[in-house]
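Undergrad: Can you look at this prediction? I've put the sequence above it.
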Amino acid sequence: MLIHQFYDTDLAHASYAVLRAGQIIVIDPARNPQPYYDFATLHEANIVGVIETHPHADFVSSHLEIHETTGATIYVSRLLGATYPHQTFDEGDTITLADIQLQAINTPGHSPDSICVLVTDENGQSTTLFSGDTLFVGDVGRPDLREEAGNITAKKEDLARQMYHTTRHKLMTLPKDVVVYPAHGPGSLCGKNMSPDLQTTIGRELRENYALQLMDELKFINELITDQPFTPQYFGYDVELNKHGAPAYAQSLADVPRISADSNLAEDILIIDSRPKADFNSGHVKGAVNLQLQGKFETWLGAVVAPEEPLYLIAADEAKLETALARAAKIGYEQQVKGALVNPEQADQVSDELDLDVFKANPDEFTIIDTRNWNEINAGLLFENALTIPLPEIRSRIGEIPTDKPIVVHCAAGYRSAAARSILSAQISNVPVYDLGEAVTTFK
């Protein structure tokens, strides 16, 4: 048996191919199916199955496209309510690849329809667990993403309670030497305490994972629902998209209109400019939002832009434009792009530049906005009188910001504040809006 891990650092997403005797099962595939086809070609094997451990919230899966291209069977829990062709895969169900078996284990907790996949070798020994978003290295899946999305909705407290029983009665009873392959690593928003390692063992998690330590059910629930990261607004949209299956990746990207630099952009359509902020600051289209391609572009795109909200997408050159579109497609947002272009001619807006010495000498003469996430804000403010408006909330809370003084926006390192400043500058014109940027590190 050969197990290959495919890892997307942008979304901290891990998918897998299990190869045995010329047959491949793909587990939790990313939006672009080509790497799995390339793997099959390299090993002169056939993809015969795709397993979805649950309907993912943070990325769009290519399970339907792989099925339509290769004829592979899609395996999912009956609880998912999938509308595409599939074979149900629940507790006790198995898939046989030559002399090994992949067995489904229903593991509710992250979602009501989560499964893990236990592999037994040719000797009948349990060797490997593909844990989806149920068990991570150092963490378990957050329970608060299915309160309003999916075939089955559930309150976070109820899912946390289910996760307690899943971990205690199903996962912690597995042999300690079982190797665990999760669907995410650090940086993912599907958990809060993930290790940098991308595989583990049941034994290690029993020793080191906070969620698997001795505690009663109530303490576990409180631990699990506390201090989870923010939820980008695209998460529920992706759950529904994955439930039905996304359109074919390459064709969907090809369908995005590429428009010329001198195109007239509709005033009522949001503009996302993915260029570095230095380029953006020196000249951008009026009203554009600066979400830089370097960084967690797709996460912030899905946090700032609503699902199905139309947008234009700008990049520094043709290659970066294709990269930006491909990254938008990871969360299904390529379908919202009404025009993609490079360096538009009407990029004549210049951003105000902060005099750092003046700000340091007289911070009270500025309205300071802290755009970090709530867990960072709750850990302590950098400026005592700052208004706290995390970046995902900034578009809906502009009316709360006083405009009697110049505005300075900050985050923790400069990416989010650049985005927030661009959003505010598009709506506030009677006072300058500044980005503290990387200089924020001098105030810590």
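TA: Everything's here; your move.
Undergrad: What count of nearby residues applies to residue 400?
TA: Using other C-beta atoms under 10 Å, residue 400 has 11 neighbouring residues. Just so you know, the C-beta spots here come from the backbone N, C-alpha and C atoms, and that holds for glycine as well.
Undergrad: and the gap between it and residue 388?
TA: Between residue 400 and residue 388 the computed distance is 10 Å (C-beta to C-beta, to the nearest Å).
Undergrad: residue contacts, residue 282?
TA: With contacts defined as C-beta atoms under 8 Å, 6 or more residues apart in numbering, the neighbours of residue 282 are 350-351.
Undergrad: Assign a three-state SS to residue 431, would you?
TA: The assignment at residue 431 comes out as coil when based on DSSP: H, G, I helix; E, B strand; the rest coil.
Undergrad: The lowest-mean-pLDDT helix or strand in the chain: how far from the chain's middle?
TA: Counting by mean pLDDT, DSSP states H and E, the weakest-scoring helix or strand in the chain turns out to be helix 374-378, with a mean of 93. Between the mean C-alpha point of helix 374-378 and the mean C-alpha point of its chain there is a distance of 19 Å (C-alpha atoms, centre = their mean, to the nearest Å).
Undergrad: Could you pull up the mean pLDDT of the helix or strand that it is followed by?
TA: On the C-terminal side of helix 374-378, the closest following helix or strand by DSSP states H and E is strand 387-388. When the per-residue pLDDT values of strand 387-388 are averaged, the result is 98.
Undergrad: Could you spell out the sheet neighbours of the following helix or strand past strand 387-388, each with its direction?
TA: Counting by DSSP H and E, the next helix or strand C-terminal to strand 387-388 is strand 407-410. The strands beside strand 407-410 in its sheet (DSSP bridges) come out as strand 367-370 (parallel), strand 433-435 (parallel).
Undergrad: for residue 150, what are its contacts?
TA: For residue 150, the set of contacting residues under the criterion of C-beta under 8 Å, 6+ apart consists of 55, 80-81, 111-113, 239-240, 243.
Undergrad: ok, it to residue 159 distance?
TA: Relative to residue 159, residue 150 is positioned 11 Å away (C-beta to C-beta).
Undergrad: Provide a list of residues in contact with the spatially most central residue of the chain.
TA: Against the mean C-alpha coordinate of the chain, by C-alpha atoms, centre = their mean, the closest residue is residue 58 at 3.7 Å. The contact partners of residue 58, by C-beta under 8 Å, 6+ apart, come to 11, 13, 184, 188-190, 232, 235, 238, 299, 331.
Undergrad: now do 7 Å
TA: With contacts defined as C-beta atoms under 7 Å, 6 or more residues apart in numbering, the neighbours of residue 58 are 11, 188-190, 235, 238.
Undergrad: Over to residue 178?
TA: So, once contact is read as C-beta under 7 Å, 6+ apart, residue 178 ends up touching 126-129, 201-202.
Undergrad: switch to 10 Å and redo it
TA: For residue 178, the contact set (C-beta atoms under 10 Å, 6 or more residues apart in numbering) comprises 118-119, 125-129, 131, 171, 200-203, 205.
Undergrad: buried sites along stretch 413-423?
TA: For stretch 413-423, a neighbour-count test (16 or more other C-beta atoms under 10 Å) marks 414-423 as buried.
Undergrad: gap between residue 323 and residue 340?
TA: Between residue 323 and residue 340 the distance is 11 Å, computed by C-beta to C-beta.
Undergrad: list residues touching both of the two?
TA: Going by C-beta under 10 Å, 6+ apart, residues that sit against residue 323 and also against residue 340 are residue 315.
Undergrad: Restrict stretch 193-208 to CA atoms and write it as PDB.
TA: The C-alpha coordinates for stretch 193-208 follow below in PDB (Å, rounded to 0.1, in the frame of the first residue of the first chain):
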ATOM      1  CA  ASN A 193      -4.500  24.400  18.300                       C
ATOM      2  CA  MET A 194      -3.000  22.500  15.400                       C
ATOM      3  CA  SER A 195       0.600  21.200  15.400                       C
ATOM      4  CA  PRO A 196       2.900  21.900  12.500                       C
ATOM      5  CA  ASP A 197       3.200  18.200  12.000                       C
ATOM      6  CA  LEU A 198       1.000  16.700   9.200                       C
ATOM      7  CA  GLN A 199       0.700  13.200  10.600                       C
ATOM      8  CA  THR A 200       0.600  11.600  14.000                       C
ATOM      9  CA  THR A 201      -0.400   8.500  15.800                       C
ATOM     10  CA  ILE A 202      -3.200   7.600  18.200                       C
ATOM     11  CA  GLY A 203      -0.700   7.100  20.900                       C
ATOM     12  CA  ARG A 204       0.900  10.500  20.500                       C
ATOM     13  CA  GLU A 205      -2.500  12.200  20.500                       C
ATOM     14  CA  LEU A 206      -3.500  10.400  23.700                       C
ATOM     15  CA  ARG A 207      -0.400  11.800  25.300                       C
ATOM     16  CA  GLU A 208      -0.300  15.300  23.800                       C
END
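Undergrad: how about the residue nearest to the centre of the chain, secondary structure?
TA: In terms of secondary structure, residue 58 is coil; the call rests on three-state DSSP.
Undergrad: Any figure for the gap between it and residue 280?
TA: Taking C-beta to C-beta as the measure, residue 58 falls 26 Å from residue 280.
Undergrad: Residue 35 now?
TA: The value you get for residue 35 to residue 280, if C-beta to C-beta is used, is 32 Å.
Undergrad: Between those two, tell me which one has more neighbours.
TA: In this view residue 35 and residue 280 are compared by other C-beta under 10 Å, and residue 280 has more residues nearby, 27 against 17.
Undergrad: can you pull the contacts of the more buried one?
TA: Applying C-beta under 10 Å, 6+ apart, the residues contacting residue 280 are 273-274, 288-292, 314, 316, 347, 349-351, 418-419, 421-422.
Undergrad: just residue 192 next, same as before
TA: Taking C-beta under 10 Å, 6+ apart, we find residue 192 in contact with 136, 138-142, 210, 224, 226-229, 375.
Undergrad: Got a PyMOL select line for the buried ones in those residues?
TA: With 16+ other C-beta under 10 Å as the criterion, this PyMOL line picks the buried residues out of the contacts of residue 192:
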select buried, resi 136+138+139+140+141+142+224+228
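Undergrad: And the pLDDT for residue 38?
TA: The predicted local distance difference test score for residue 38 is 98.
Undergrad: Phi and psi next, for it.
TA: In this entry, residue 38 is assigned phi and psi values of phi -60, psi -40 (degrees, to the nearest 10).
Undergrad: Equivalent analysis for residue 73, please.
TA: As for residue 73, its main-chain torsions (degrees, to the nearest 10) stand at phi -80, psi 140.
Undergrad: In this structure it contacts residue 50, no?
TA: Yes - using C-beta atoms under 10 Å as the test, residue 73 is close enough to residue 50 to be in contact (7.4 Å).
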